[in-house]
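Participant: 3D, please:
(chains A and B)
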Amino acid sequence: MIIAKRKARALNPIQFNALAIVFLLGLMPFAVAIITNSGSSSEGEYKDSKATESPGFFYGPYSYWLENGGDNYSGLYYANDPNDIGANRTYVENGYCPARSMTIYPCFEFGGGLTYPGEVPMQGMTIPKSHYYTSQTYIGSSGNGPFSWFLQPRFIDNIEEGAAIDKFKISFIDTNVDHNCGSSIFTNISFEGKIQFLYNNRSKIYDNFDFQTSNKYEYSSRLASWTAICQIGFETIFDLTGFETLELEEFVGGDWNNVSMVLTLDNFERKDGQNFGSTDLPFAGGQEFFTLGIEHQEVNPVEAGFIIKTGTIGLAVITFVLAIASTPYWDPFRNAVKGALD
Amino acid sequence: MIGTEIIIYLATLLLTFTVIGRAGEAGFLNGAFQRGFAGVGTQVVSSNFLLSYTNFETFLRACLEGLLGFAGYLYLASLGLLLIVWINNLYEYRQAIV
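Facilitator: Prediction:
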């Protein structure tokens, strides 16, 4: 029996147009999303980036504040305290305190401290707040940024050598005061973030991270018999793309024990449209310290690298074929490929 | 990065020419105002989609900065070829995608 086979018809121009548009606006972004997020897992577990040690303070080498919220503070604090005492109540800009008479860099250093196990959901580190006004109430208000800290390698000394980091989850919590979880002190906020890694006198910056969150940090603490407590705070997740992960791994050469970080949060806004001035932030004003928690999630660099490279080559081939298909050379090209395969 | 945005705006502009041209051939968008309005709308929506809702710009930037090595440059070359072909088609056939 002979079965007649219908000759396949080539795409007509409109079909081809539609195919090209679907490719450019649909398939290509989808493929790019898979490639950029390759190896990343939303279900992966976070690990503490800071090694667990006995609670208490640790000292040098010192980390320091680089920026503390904007120059709106300077006049207020300087007017209340013209004496040159205490960097923690002045305006910090690029690590300097312009309102102080002595030019010291960095002008607001700190060692750090460790929280007790179970006090916060991760290994927390305590850092002195800025605009903490000794024996007086908090004056001024929260500037809308930038807030920035230089952190010594000791703050991430639990990251294993050779690790490829997909995400950093960095939490800022004011553990000094518990609030009613329904308190009007909590509000939705947005801000931008930047994370910089320094290694061997070189630096690598990842920026344009947008955060939409609330200044309410709710968790269960051992200190509150594991009941839910609400404090001023938030968590930020710096999610690197697959190729940024590989780039960072190559940049630090796996030597995470010698990597310093600069964290920057900026352009704070309230989502209810009100002025940001009096909004509570975990690291400004109030009590003396706030808690910083750094966690990370790793990926398999070999697997991620394979998906990224082969995926990009595949996308390049498809784009090349689409380019040829858009020319009169399509038929000879197709015949040549078909002939080579036959 | 400006280079990546130019690539995206150029690609979506060529798509827009095609969509508007085909719509005109099918008897739609006969007035100049309609064509202009639809063209600007298509361009804005498609470029905004690629820039704001996808990782396409990040991916292009990574290719341009060499983060993807040879594979990234190969992709850029293919995309460049595609855009050149579409620009040439526009010149030759008054239609980017033929």
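Participant: In contact with residue B:29, which residues?
Facilitator: By C-beta atoms under 8 Å, 6 or more residues apart in numbering or on different chains, the contact set of residue B:29 is B:20, B:23, B:35, B:38. Any C-beta I mention is one placed from the backbone N, CA and C, and that applies to glycine too.
Participant: quick one: secondary structure of the residue nearest to residue A:25 when sequence neighbours are not counted?
Facilitator: Excluding its sequence neighbours, the residue lying closest to residue A:25 (C-beta to C-beta, 6 or more residues apart in numbering or on different chains) is residue B:46, at 6.0 Å. Of the three states, residue B:46 takes helix according to DSSP: H, G, I helix; E, B strand; the rest coil.
Participant: With residue A:181 instead?
Facilitator: coil.
Participant: Run through the bridge partners of the residue nearest the centre of chain A.
Facilitator: By C-alpha atoms, centre = their mean, chain A has its centre lying nearest to residue A:238, at 2.4 Å. Beta-bridge partners for residue A:238, by DSSP bridges, are residue A:168.
Participant: tell me the contacts of it?
Facilitator: Contacts of residue A:238 by C-beta under 8 Å, 6+ apart are A:167, A:168, A:169, A:170, A:193, A:195, A:206, A:209.
Participant: Please identify the residues of chain B in proximity to chain A?
Facilitator: Residues of chain B lying close to chain A (C-beta under 8 Å from any C-beta of the partner chain) are B:11, B:15, B:18-19, B:22, B:46, B:49-50, B:53-56, B:58-59, B:62-63, B:67-69, B:71-72, B:74-75, B:77-79, B:81-82, B:84-86, B:89, B:97-98.
Participant: What's the PyMOL line that selects buried ones from those?
Facilitator: Buried members of those, defined by 16 or more other C-beta atoms under 10 Å in any protein chain shown, are picked up in PyMOL with:
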select buried, chain B and resi 11+15+18+19+22+46+50+54+55+56+58+59+62+63+67+68+71+72+74+75+78+79+81+82+85+86+89+97+98
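Participant: Strands - which of the residues of chain B next to chain A land there?
Facilitator: If you go by DSSP state E, the residues of chain B next to chain A have nothing in strands.
Participant: just checking, residue A:192 touches residue A:206?
Facilitator: No. Residue A:192 is not in contact with residue A:206 according to C-beta atoms under 8 Å; the separation is 12.0 Å.
Participant: What about the closest residue to chain B within the stretch 1-150 of chain A, how many residues nearby?
Facilitator: Residue nearest to chain B within the stretch 1-150 of chain A: residue A:29 (3.7 Å; C-beta to the nearest C-beta). By other C-beta atoms under 10 Å in any protein chain shown, the residues close to residue A:29 number 17.
Participant: doesn't residue A:248 make contact with residue B:67?
Facilitator: No. Between residue B:67 and residue A:248 there is no contact under C-beta under 8 Å: 10.4 Å.
Participant: Now do the helices in the stretch 151-300 of chain A.
Facilitator: A:242-252 (DSSP state H, counting those that start in this stretch).
Participant: of all the residues in it, which ones are close to chain B?
Facilitator: A:241, A:243, A:244, A:246, A:247.
Participant: Let me have those in TSV, extended by distance to residue A:262.
Facilitator: TSV is the format used below for these (distance: C-beta to C-beta, whole Å):
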residue	distance to residue A:262
A:241	20
A:243	22
A:244	16
A:246	21
A:247	17
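Participant: residue contacts, the residue lying farthest from the centre of chain B?
Facilitator: Going by C-alpha atoms, centre = their mean, the residue of chain B most distant from its centre is residue B:69, 24.2 Å out. Applying C-beta under 8 Å, 6+ apart, we find residue B:69 in contact with residue A:309.
Participant: Poorly predicted segments of chain B, please.
Facilitator: B:1, B:96-98 (pLDDT under 70).
Participant: right, and residue A:194 touches residue A:211 too?
Facilitator: No. Contact criterion C-beta under 8 Å: residue A:194 and residue A:211 do not qualify, at 11.3 Å.
Participant: Bridge partners for the closest residue in space to residue A:280 that isn't next to it in sequence, pull those for me.
Facilitator: In this structure, residue A:280 finds its nearest non-sequential neighbour in residue A:232, 4.7 Å apart by C-beta to C-beta, 6+ apart. Beta-bridge partners recorded for residue A:232 (DSSP bridges): residue A:216.
Participant: what about residue A:232, how many residues close to it?
Facilitator: 26.
Participant: got it, and the one 4 residues further on?
Facilitator: By the other C-beta under 10 Å criterion, the neighbourhood of residue A:236 contains 17 residues.
Participant: Please enumerate the strands of the stretch 51-200 of chain A.
Facilitator: A:56-57, A:63-68, A:109-110, A:113-114, A:124-128, A:147-151, A:164-173, A:188-199 (DSSP state E, counting those that start in this stretch).
Participant: Distance from the second one to the middle of the chain?
Facilitator: Read that as strand A:63-68. With C-alpha atoms, centre = their mean, to the nearest Å as the basis, strand A:63-68 stands 17 Å off its chain's centre.
Participant: Also the longest one?
Facilitator: A distance of 5 Å separates the C-alpha centroid of strand A:188-199 from that of its chain, computed with C-alpha atoms, centre = their mean.
Participant: The third one too?
Facilitator: Remark: strand A:109-110 is offset 22 Å from the chain centroid, using C-alpha atoms, centre = their mean.
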